[in-house]
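Novice: predicted coordinates and the sequence they were generated for:
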Amino acid sequence: MFAIVVSSQFYCVWLCIAVLTAYDFVYVTCCIHVILQLRLLKHNIKDALDKYEENPKQRLCCYIRHHQFLYSVFHRMRNIFSVMLLFHYLVTLGSSCFVLLQLVLRDMDAVSYASQIITIIFFIVQFGLYTFPAEGVAFEFLDVPNAIYISKWYRNKVEIQKLVLYVMMKSQQQQYFSGAGLIDINVETFDSVLRKAISFCAVFKNVLNN
């Protein structure tokens with residue numbers, strides 16, 4: 001029975017490692033792909049507006065369709081990773097508070113202290129792998145109007161200006177990945193997790209001292 005339990009534990013550990021690694025890898029890879037596609041799209045739109053052509057409408061329509069496609073990819077990713085992002089937010093916040101409390105309240109030897117530090121670093125780094133790529137995707141979408149604005153859009157016809165105006169209006173609606181629609185996942189969320197964990201430990205320690 002003991003051997004079965006130990007085998008099950010090893011199986012679950014390796015399964016969790018494989019699933020988390022694959023899931024994180026897919027998420028980060030998709031975010032990087034969308035970021036690179038948006039950067040290429042900004043360059044192409046600016047290039048089409050800067051180079052004077054008789055009828056750049058066909059090229060711009062192609063780029064606008066690609067912009068809409070990237071938006072659809074973003075919304076699909078947002079729906080797919082929504083629950084997972086909320087789960088990691090709660091796990092990171094709870095684990096950080098728990099580990100910091102142990103560091104503050106318990107007397108530990110060097111090995112235990114180092115293991116707790118490594119644990120909290122692991123949770124924070126993993127949550128950073130979700131927040132920073134999400135921030136990058138949101139920034140690139142928001143930066144599309146800036147790429148259009150610094151181009152020579154004013155040299156083109158009115159119908160061309162109307163096309164790029166649509167893209168600018170669409171991109172002004174800044175959107176982030178969300179945790180089940182409850183919180184936005186970005187760099188500010190990453191910062192708030194650290195501040196909340198430290199504040200919780202400080203308040204809890206003051207309560208015990210009083």
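Specialist: On my side now, so go ahead.

Novice: check which helix or strand the nearest residue to Val164 once chain neighbours are set aside maps to.
Specialist: Spatially, and ignoring its direct neighbours in sequence, Val164 is nearest to Ile148 (5.1 Å; CB to CB, 6 or more residues apart in numbering). Where C-beta positions appear, they are placed from N, C-alpha and C, glycine not excepted. Secondary structure from DSSP states H and E places Ile148 in helix 110-149.

Novice: can you list the helices and strands that that helix packs against?
Specialist: helix 2-50, helix 57-80, helix 82-105, helix 158-171, strand 177-179, strand 183-185, helix 187-209 (3 or more CB pairs under 8 Å, 6 or more residues apart in numbering; DSSP states H and E).

Novice: okay, the residue nearest the centre of the chain and Thr29: tell me how far apart.
Specialist: For the chain, the residue nearest the mean C-alpha position is Ala134 (2.0 Å; CA atoms, centre = their mean). According to CB to CB, to the nearest Å, Ala134 stands 14 Å off from Thr29.

Novice: re earlier: next, format the helices and strands packed on helix 110-149 as CSV and append mean pLDDT and mean neighbour count.
Specialist: CSV is the format used below for these (pLDDT from 0 to 100; neighbours: other CB atoms under 10 Å):
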stretch, mean pLDDT, mean neighbour count
helix 2-50, 76, 14
helix 57-80, 86, 15
helix 82-105, 81, 17
helix 158-171, 77, 15
strand 177-179, 84, 22
strand 183-185, 84, 20
helix 187-209, 79, 14
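
Novice: switch the ones you listed over to a markdown table; also include distance to Ser112.
Specialist: Shown next, in a markdown table, are the helices and strands packed on helix 110-149 (distance: least, CB to CB, whole Å):
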| stretch | distance to Ser112 |
| --- | --- |
| helix 2-50 | 20 |
| helix 57-80 | 38 |
| helix 82-105 | 9 |
| helix 158-171 | 50 |
| strand 177-179 | 32 |
| strand 183-185 | 32 |
| helix 187-209 | 17 |
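
Novice: so who does the residue nearest to the centre of the chain touch?
Specialist: Each residue near Ala134 by CB atoms under 8 Å, 6 or more residues apart in numbering is listed here: Cys31, Leu85, Tyr176, Phe177, Ile185, Asn186.

Novice: brilliant, that's me finished.
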